[in-house]
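*Asks:* Pasting the sequence and the predicted coordinates here, then a few questions.
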Amino acid sequence: MSKFITFEGVDGAGKSTHLAWFADTLRQRGVDVVVTREPGGTPLGEQLREMLLNQAMSIGTEAMLMFAARMEHIEQVIKPALRSGKWVISDRFSDASFAYQGGGRNMDWNRLKQLELWVHPDLQPDLTLFFDVPVEVARQRLANNVSLDRFEQEQSDFFERVRAGYHRRVQENPQRYAVIDAARTLEQVKQQLEKIIVSL
Ligand code: TMP
């Protein structure tokens, strides 16, 4: 049975490192896994990503481009893979739009729900791993990066709102999420993930 799993968290939470390990571990257990990301995952989506991460734009444009990239991603990558029985692991999905555009940029939550309903009325992740970490810890982890994109350059208050946006999403639909304490060491986080893999 195919599964759609998403990884979420503020920049610096460490989700991408853990995603690679998580996918490898599933593969070792014989699961056919497709790893992908948002914004991106298709040629057009990657072009939109380039713009979204580097070019200034209005909040509404930002939200709609995120969902435009997502629509391509769903039609071209996610749904075909799920239909053929594969597991899809995406580094971010719609929760990121609620957290970043809704929380971070204060965009109207219901307007985002309308976009979500339009773009994927019949698709939600089976499971979302939310890497939760205090903003100051995430900021410290990003401090070593040489170049920061348009989102990573935001200040702590932006990331506090992003984190609150994620918490709001979790509260709205708690059964879909596994909340990972990402402030712990890599080893401790892996132990949390191992338990999830066993349960899957
Ligand atoms: P990444 O750094 O995890 O690859 O994600 C790229 C950035 O895009 C990250 O800072 C979060 C942001 N983003 C949004 O603002 N809204 C979205 O819907 C998605 C998918 C990502």
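*Replies:* Yes, it's here. Residues are numbered from 1 along each chain as shown.

*Asks:* hmm, the top helix by length along the chain touching the ligand?
*Replies:* Longest helix in the chain by number of residues, with DSSP state H as the criterion: helix 156-172. No. Using C-beta under 6 Å from any ligand atom, helix 156-172 stays clear of the ligand, with a minimum separation of 8.1 Å. For every residue, glycine as well, the C-beta is placed using N, CA and C.

*Asks:* other SSEs contacting that helix?
*Replies:* Packed against helix 156-172 by the contact rule (3 or more C-beta pairs under 8 Å, 6 or more residues apart in numbering; DSSP states H and E) you find strand 127-132, helix 135-142, strand 177-181.

*Asks:* Lowest average confidence across these, which one?
*Replies:* Mean pLDDT values for the helices and strands packed on helix 156-172 show the minimum at helix 135-142, a mean of 94.

*Asks:* So Trp118, which state does it fall into?
*Replies:* Using DSSP: H, G, I helix; E, B strand; the rest coil, the three-state assignment for Trp118 comes out as helix.

*Asks:* Report the contact partners of it.
*Replies:* With contacts defined as C-beta atoms under 8 Å, 6 or more residues apart in numbering, Trp118 is in contact with Phe67.

*Asks:* just use 39 as the starting number from now, easier for me
*Replies:* Okay, residue one is now 39; in that scheme the one you just asked about reads as Trp156.

*Asks:* Verify the stated contact: Arg65 with Val71.
*Replies:* Yes. If you go by C-beta atoms under 8 Å, Arg65 and Val71 touch, sitting 5.6 Å apart.
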